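**Student:** sequence plus predicted model, see below.
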Amino acid sequence: MPSFDFSSEVDMVALKNAIDVTGKKIIGRHDFKGTSARVELNDKDKVITLSADSDFQLNQIKDILFPEMEKKEPDCSKRLDHQAVQKISGDKVRQELKIKVGIESELAKKIVKLLKDSKLKVQAAIQGDAVRVSGAKRDILQEAIALVKKSITDFPIKYGNFRD
């Protein structure tokens, strides 16, 4: 019985590249000269840290970072969990953007319910941070992929691990 998985993996190489390009643009911009504006990535914890001298600069850094991320991997800025802006000293601010990896249980349940309500002849099962979908024919699985891609637009979902 053919099957595949819906998952949500981060392309860390593309993310690092986007952060490096953003850092270079910050260094090159005249309005950031002499400021403490910077972008850092913590690979282990999967956290992007934005530091700036003011809230306005923080928003400017985001305006540079998000389009760079979208160029490298479409919809990847939707996977960021924006934490509260922290005041450090004086006017300096910091914000952490946590990177969500995998499909959370609420979204997985929504995908399973969507597939069951669609009356497609597929079975969907939550397996950790992925959703395994199996069906009798490839055509039905392709319909399931199209349905989920059309319905779930607020989080980047990929399909793969196809088995015949």
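**Tutor:** Arrived safely.

**Student:** show me the domain layout of the protein.
**Tutor:** As assigned by automatic domain parsing, the chain contains the domains 3-8+102-163, 12-99.

**Student:** dump those to TSV, plus mean neighbour count.
**Tutor:** The way it works is simple: take the backbone N, C-alpha and C, and place the C-beta from them, glycine included. Listed next are the domains of the chain as TSV, based on neighbours: other CB atoms under 10 Å:
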stretch	mean neighbour count
domain 3-8+102-163	16
domain 12-99	15
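
**Student:** could these go into JSON lines alongside mean pLDDT?
**Tutor:** Compiled in JSON lines, the domains of the chain are given as follows (pLDDT from 0 to 100):
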{"stretch": "domain 3-8+102-163", "mean pLDDT": "87"}
{"stretch": "domain 12-99", "mean pLDDT": "90"}
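
**Student:** what's across from residue 86 in the sheet?
**Tutor:** Under DSSP bridges, the beta-bridge partners of residue 86 are residue 94.

**Student:** could I get the full set of strands for the protein?
**Tutor:** 3-7, 38-42, 47-52, 80-82, 86-87, 93-99, 122-127, 130-135, 158-163 (DSSP state E).

**Student:** which other residues reach the third one?
**Tutor:** I take that to be strand 47-52. Contact partners of strand 47-52, identified using CB atoms under 8 Å, 6 or more residues apart in numbering, comprise 19, 35-42, 58, 60-62, 65, 80, 88, 92-99.

**Student:** ok, now the fourth one?
**Tutor:** Outside of strand 80-82, the residues that reach it under the criterion CB under 8 Å, 6+ apart are 48, 95, 97-100.

**Student:** what residues are up against residue 64?
**Tutor:** By CB under 8 Å, 6+ apart, residue 64 lies in contact with 22, 25-26.

**Student:** let me know the closest of these to residue 110.
**Tutor:** Ranked by distance to residue 110 (CB to CB), these are led by residue 22 at 32.3 Å.

**Student:** from the contacts of residue 64, which is closest to residue 157?
**Tutor:** Ranked by distance to residue 157 (CB to CB), these are led by residue 22 at 25.2 Å.

**Student:** any idea how far the closest residue to that closest one other than its chain neighbours is from residue 112?
**Tutor:** Nearest residue to residue 22 in three dimensions, chain neighbours excluded: residue 65, at 4.7 Å (CB to CB, 6 or more residues apart in numbering). According to CB to CB, to the nearest Å, residue 65 stands 34 Å off from residue 112.
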